[in-house]
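Novice: predicted coordinates and the sequence they were generated for:
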Amino acid sequence: MNRKQPAVIFSRSYTNKDGNKYVVYWYYVTDEYGKRHRFSLGTSSKTEARALLLELIRTGALLPQRVRSTRFDAFTKHFWDWDRCSYLKWKRLRGDRISRHWARQNRGYLENHLLPIFGKRLLPEITVSEIESFMIGLRERKGLSNKSINSILGCLRTVLEEARRRGLITENAAGKIKPLHNGYRSRGILSLSETRKLFSSLDCWHGCVHYTINLTACTTGARLGELRALKVKKVNKDRIVIDSVYRRMEGYIEGDTKTGVKGFRIIPIPAVTTHFLHPLLVGRSQEDFIFSLDGVHPIAGNTVTRALHSALERIGISLDEQRERGIDFHSWRHFY
């Protein structure tokens with residue numbers, strides 16, 4: 001195609017029922033993504049075809065509206081990018097509580113799962129049946145859990161809803177699809193006798209830090225991320241102050257908990273918890289993390305979880321039984 005020409009006219013031959021041949025004039029045009037589209041002018045007259053094409057060029061109607069629609073990859077070029085996504089900027093301007101970690105997770109869903117399937121599609125062309133087939137494929141080909149599939153669906157729903165809000169599509173196909181059942185197991189808790197046995201000796205544990213962080217969770221109901229963020233300055237003789245969180249990909253965030261500023265609380269602690277917390281404070285500055293080997297970096301969350309599972313095995317609760325009963329670190333919050 002000549003780059004100086006907005007469109008090129010050509011003819012196609014057809015045969016009618018009587019066996020007579022005739023021609024119809026068409027034109028082709030290349031869209032902004034380099035894709036070529038062909039459209040019939042509906043006439044057998046070359047003169048009339050040229051006149052019709054010139055009128056389409058004059059009115060800017062060479063590409064019908066359905067073709068001029070935005071492609072999924074173009075619309076999501078900066079979506080979920082913390083600094084460049086207009087959707088996230090608007091959310092922050094409104095005062096909605098969002099985190100970089102949440103945005104980063106959704107960007108991962110977009111790049112790893114959505115763009116490979118829907119990237120070249122026009123936004124209005126994405127259908128309910130296509131999305132449902134995509135979700136089935138996530139389970140059958142990739143073996144993802146219902147929870148992961150629902151997270152990916154939520155990412156797609158948000159993207160298409162923003163496209164609908166901007167007037168690029170008339171309806172959100174993903175919004176018509178119900179999430180899968182997550183199949184959550186009820187969170188299990190230990191009995192009082194099991195808990196006493198678990199904390200009866202340090203021998204079951206990989207050191208005092210692991211013992212104490214579990215004991216503190218048991219006696220305060222604090223979450224793992226909140227305890228990892230606990231600093232020396234937040235611990236008093238008879239209470240701790242929970243007003244910060246340590247997130248896996250964002251690090252330490254002061255003045256925020258999992259539930260935002262509403263999660264701020266002062267929790268009384270029993271004497272036994274104070275007894276085991278005190279040695280972890282000795283020789284550290286007010287800004288040091290308590291549950292840490294060096295005071296500078298909190299203990300890794302996965303090591304805390306492994307230490308708990310290992311300690312439970314030592315008192316006779318196997319890993320299979322732990323899974324069956326749904327016991328993990330967060331169980332301390334339910335126990336409390």
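Specialist: Sure, I can see it. Numbers count the residues shown, from 1 in each chain.
Novice: going by C-alpha atoms from here, please, whenever you check contacts or count neighbours.
Specialist: Will do.
Novice: burial of D288, as a residue count?
Specialist: By the criterion of other Cα atoms under 10 Å, D288 has 20 neighbours.
Novice: same question, A174
Specialist: 24.
Novice: low-scoring stretches of the stretch 1-150 of the chain, by residue?
Specialist: In the predicted model, the stretch 1-150 of the chain carries pLDDT under 70 at residues 1-4, 32-33, 65-68.
Novice: quick one: the strands in it?
Specialist: Using DSSP state E, counting those that start in this stretch, the strands of the stretch 1-150 of the chain run over 8-15, 21-30, 36-40.
Novice: could you dump the ones you listed to CSV with distance to P270?
Specialist: Output for these, formatted as CSV (distance: least, Cα to Cα, whole Å):
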stretch, distance to P270
strand 8-15, 83
strand 21-30, 74
strand 36-40, 73
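Novice: E171 is nearest to which of those?
Specialist: strand 36-40 (25.2 Å; Cα to Cα).
Novice: highest mean neighbour count out of the strands of the stretch 1-150 of the chain?
Specialist: strand 21-30 (a mean of 17; mean count of other Cα atoms under 10 Å).
Novice: partner strands of that one and their direction?
Specialist: Its sheet considered, strand 21-30 pairs with strand 8-15 (antiparallel), strand 36-40 (antiparallel) by DSSP bridges.
Novice: could you dump these to a markdown table with distance to G225?
Specialist: Below are the strands paired with strand 21-30 laid out as a markdown table (distance: least, Cα to Cα, whole Å):
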| stretch | distance to G225 |
| --- | --- |
| strand 8-15 | 63 |
| strand 36-40 | 53 |
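Novice: out of these, flag the one nearest T47.
Specialist: strand 8-15 (11.1 Å).
Novice: what residues sit buried inside the longest helix anywhere in the chain?
Specialist: Counting residues, the longest helix in the chain under DSSP state H turns out to be helix 146-165. For helix 146-165, a neighbour-count test (16 or more other Cα atoms under 10 Å) marks 146, 148-164 as buried.
Novice: same check, this time on stretch 319-330
Specialist: 322, 326-330.
Novice: before we move on, back to that, check what contacts the longest helix of the chain and list those residues.
Specialist: Residues from elsewhere that reach helix 146-165 (Cα atoms under 8 Å, 6 or more residues apart in numbering): 76, 79, 87, 106, 109-110, 113-114, 123, 135, 138-139, 169-175, 179-183.
Novice: just the buried members of those?
Specialist: 76, 79, 87, 106, 109-110, 113-114, 123, 135, 138, 169, 171-175.
Novice: show me what contacts K176?
Specialist: So K176 contacts V128 (Cα under 8 Å, 6+ apart).
Novice: separation between the nearest residue to V23 once chain neighbours are set aside and L52?
Specialist: In space, and not counting its chain neighbours, V23 is closest to S13: 4.4 Å by Cα to Cα, 6 or more residues apart in numbering. From S13 across to L52, the span is 19 Å (Cα to Cα, to the nearest Å).
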